[in-house]
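Q: no FASTA, just this:
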């Protein structure tokens, strides 16, 4: 391995050059000296979620372009509302991408479509959630009503038994 100092173009910034032979190929590596390295956490985030972030960004831009095309005035509260919805849209896009098993540009397209249709997607997910909650509440209400009826019936039965015992219609031992 040989190290050399090179200059590229008009810049006089020094680069170290490492040459490596592997078979008939020669690889030249030119890392910039003194440049700070990228954190492994940032690099892992970019690899895992980079396409989703790109898709969300492009989708948000496309959504506002469509709104402007329709003649809607873009106001601050509209942008703020979309920015507040963006994390939920990101989670939905991540879930969709995971379910579809796609990567790369296709993941960006799905995230972009999810962002453009965020209002509809959030409404769909919210409606589905509300329907499930309504069903659970109805089931719980029915179960509790049944429990209350059974308790009231047991209480009325106990009162009738005591009344029958008091009037002599029923013996104390229950025979």
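A: Okay, I see it. All of these numbers come straight from a predicted model, not from anything done at the bench.

Q: So which residues of the chain form helices?
A: For the chain, the helices defined by DSSP state H cover 40-70, 76-100, 105-116, 118-167.

Q: Now those helices in a markdown table, please, with extra columns for distance to residue 173 and mean pLDDT.
A: The C-beta positions use only the backbone N, C-alpha and C, and glycine is treated the same way. As requested, the helices of the chain are exported to a markdown table (distance: least, Cβ to Cβ, whole Å; pLDDT from 0 to 100):
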| stretch | distance to residue 173 | mean pLDDT |
| --- | --- | --- |
| helix 40-70 | 76 | 86 |
| helix 76-100 | 66 | 87 |
| helix 105-116 | 73 | 88 |
| helix 118-167 | 10 | 90 |
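
Q: can the ones you listed go into TSV with extra columns for mean neighbour count?
A: Output for those, formatted as TSV (neighbours: other Cβ atoms under 10 Å):
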stretch	mean neighbour count
helix 40-70	14
helix 76-100	14
helix 105-116	21
helix 118-167	11
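
Q: Cross-check the contact I'm expecting between residue 100 and residue 111.
A: No. Look at residue 100 against residue 111 with Cβ atoms under 8 Å: they stay out of range, at 11.4 Å.

Q: between these two, what contacts are shared?
A: Contact criterion Cβ atoms under 8 Å, 6 or more residues apart in numbering; residues shared by residue 100 and residue 111: none found.

Q: Nearest the middle, which residue of this protein would you pick?
A: residue 91 (1.3 Å; Cα atoms, centre = their mean).

Q: Enumerate every residue touching residue 150.
A: Going by Cβ under 8 Å, 6+ apart, residue 150 touches no other residue.

Q: cool, residue 102 as well?
A: residue 110.

Q: how about 10 Å then?
A: Residue 102 makes contacts with 51, 96, 108-110, as judged by Cβ atoms under 10 Å, 6 or more residues apart in numbering.

Q: ditto for residue 38
A: By Cβ under 10 Å, 6+ apart, the contact set of residue 38 is residue 46.
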